[in-house]
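> Mind looking at a prediction? Sequence and model below.
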Amino acid sequence: MNDILFDLHGKTALVTGASSGLGHHFAHLLAERGAQVILTARRGTLIEEAADKIRSNGGTALALVMDVTDERAVANAFSTAESQLGTINVVVNNAGIVIAEAAVDIDQSQWERVVDTNLKGVWLVSREAGRRLARSKCGGSLINVASILGLRVAKGVSSYAISKAG
């Protein structure tokens with residue numbers, strides 16, 4: 001692989017929202033570049049299938065069901081991953097949801113679900129990663145996936161835009 005733009009051999013990466021879309025893509029890209037990858041999401045079947053594909057291509061992958069809005073679930077996933085693959089030194093905070101409702105129509109539970117996933121989830125995962133990196137005294141990278149809608153709004157996605165701006 002002479003065309004590698006970056007080499008991640010010796011790195012362990014955790015990707016949230018890895019069951020589909022960008023998170024799925026990021027997990028495969030990190031594995032192609034040599035990282036051990038922990039794929040996390042709420043949809044276990046999909047992340048296990050993605051991890052199987054990485055392993056069939058010669059990579060190291062672990063699929064863990066994790067809800068980024070649940071502090072205990074985040075800590076447990078980090079503990080399980082570290083017990084199997086060592087210190088996580090790359091985190092891609094990608095998990096996110098959108099509920100397409102007009103600002104005047106979205107109810108509080110929908111609003112909280114979006115903000116909890118897209119904003120609180122980034123904080124919980126980053127905080128857990130930061131604590132563990134500090135204890136291990138090694139450097140790392142925390143990558144938070146944003147959206148252009150954090151800078152402007154589109155019709156029907158005000159809760160998503162506000163959470164991404166945060």
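Happy to help now that I have it. Numbers count the residues shown, from 1 in each chain.

> In terms of secondary structure, what does the helix or strand bottoming out on mean pLDDT in the chain contact?
Lowest by mean pLDDT, DSSP states H and E among the helices and strands of the chain is helix 158-165, with a mean of 85. Under the contact criterion of 3 or more Cβ pairs under 8 Å, 6 or more residues apart in numbering; DSSP states H and E, helix 158-165 touches helix 108-115. C-beta here means a position set from N, CA and C on the backbone, and glycine is covered the same way.

> State the pLDDT value of residue 23.
The per-residue pLDDT reported for residue 23 equals 96.

> meant to ask about residue 2, not that
pLDDT, read off for residue 2, is 50.

> can you check residue 5 too?
74.

> Run the angle between the least confident helix or strand of the chain and helix 108-115 for me.
Counting by axes from the mean of the first three to the mean of the last three Cα atoms, to 10 degrees, helix 158-165 lies at 30 degrees to helix 108-115.

> Which residues does helix 158-165 contact?
96-99, 101-103, 106, 110-111, 114-115, 117-119, 146-147, 149-154 (Cβ atoms under 8 Å, 6 or more residues apart in numbering).

> Go again with 10 Å.
96-104, 106, 110-122, 144-154, 157 (Cβ atoms under 10 Å, 6 or more residues apart in numbering).

> Report the distance from it to the chain centre.
18 Å (Cα atoms, centre = their mean, to the nearest Å).

> what do you get for stretch 125-137?
Worked out by Cα atoms, centre = their mean, stretch 125-137 lies 15 Å from the chain centre.

> Contact partners for the residue lying farthest from the centre of the chain?
Most distant from the centre of the chain: residue 104, at 29.9 Å, with distances by Cα atoms, centre = their mean. Contacts for residue 104 (Cβ under 10 Å, 6+ apart) come out as residue 158.
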